[in-house]
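In: based on what follows, work out the 3D shape:
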Amino acid sequence: KNPDIFTSIGNLRWQKNYSTMIRAFNIFLKNNPNAILKIFGDGPDKNNLLELINELKLKKKVILKGYCDYSVIAKELSKTYIYLQSSISEGLPKSLLEAISSGCPVVTTDAGGCKEISKNFGFCVKINNPDEFANAMIDLYNKKSYWQKCYKKCLFYRKSLSWDILTGKVINVYNRISI
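Out: Coordinates of the predicted model:
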């Protein structure tokens, strides 16, 4: 894992609230100027996010990667030190599961299933709060023993988070309630 690499994956749309993440990352950079945030995905908010990145002078620090093949994303997650997700609205966040399965401790917001999924793997903060999001990033980054504990839990639980196992659990729930 490269301690300077932070990653996020998702459509660039209002529900993902990347503006909060970018503002939080700007705060984080004050004490960690070598860090880089790579955001994978595309969507209708791309131009607004590029404007925010330019306004905050983060052009070399926050990189919008666009859509990429999964093999590229998997390689990136293998290097990622902390995975970030700042959603306002979420269902079952597949990208969060993929990040944890790749050994990435996380900072996420309390949207949809994020809190339940992230509780053993990092921090979950209030929605739409750049300061709290930044503080969680700083804590996870600076508290190396806690980062290591989250990383080890990611690796330990990765098999139980596989797509096959999770979809099997959902199907079992549907089968129980439909009878």
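
In: phi, psi of the closest residue to Lys60 other than its chain neighbours?
Out: Nearest non-adjacent residue to Lys60, counting by Cβ to Cβ, 6 or more residues apart in numbering: Ile36, 8.0 Å away. (Glycine included, C-beta is placed from N, CA and C.) Backbone torsions of Ile36, given as degrees, to the nearest 10, read phi -130, psi 140.

In: so Ile36 touches Ser8, yeah?
Out: No: the criterion here is Cβ atoms under 8 Å, and Ile36 misses it with Ser8 at 11.8 Å.

In: more neighbours, these two?
Out: Between Ile36 and Ser8, counted using other Cβ atoms under 10 Å, the more crowded position is Ser8 (28 against 16).

In: what's near enough to touch that one?
Out: Tyr18, Met21, Leu37, Lys38, Ile39, Phe40, Tyr83, Leu84, Gln85, Ser86, Ser95 (Cβ atoms under 8 Å, 6 or more residues apart in numbering).

In: just those: which are in helices?
Out: Counted as lying in helices by DSSP state H, out of these, are Tyr18, Met21, Ser95.

In: and the last one, how far from Ala111?
Out: Yep, that's Ser95 we're talking about. 13 Å (Cβ to Cβ, to the nearest Å).

In: now Ala74
Out: Taking Cβ to Cβ, one finds Ala74 at 24 Å from Ala111.

In: between the two, which one's more packed in?
Out: Using other Cβ under 10 Å as the criterion, Ala74 and Ala111 rank with Ala111 on top: 22 against 13.

In: my guess is that one contacts Ser89, does it?
Out: Yes: under the criterion of Cβ under 8 Å, Ala111 makes contact with Ser89 at 5.9 Å.

In: check the secondary structure at Ile63 for me.
Out: strand (DSSP: H, G, I helix; E, B strand; the rest coil).

In: the residue lying closest to it once chain neighbours are set aside: how many residues sit nearby?
Out: Leaving out its chain neighbours, the residue that sits closest to Ile63 by Cβ to Cβ, 6+ apart is Lys38, at 5.1 Å. By the criterion of other Cβ under 10 Å, Lys38 has 19 neighbours.
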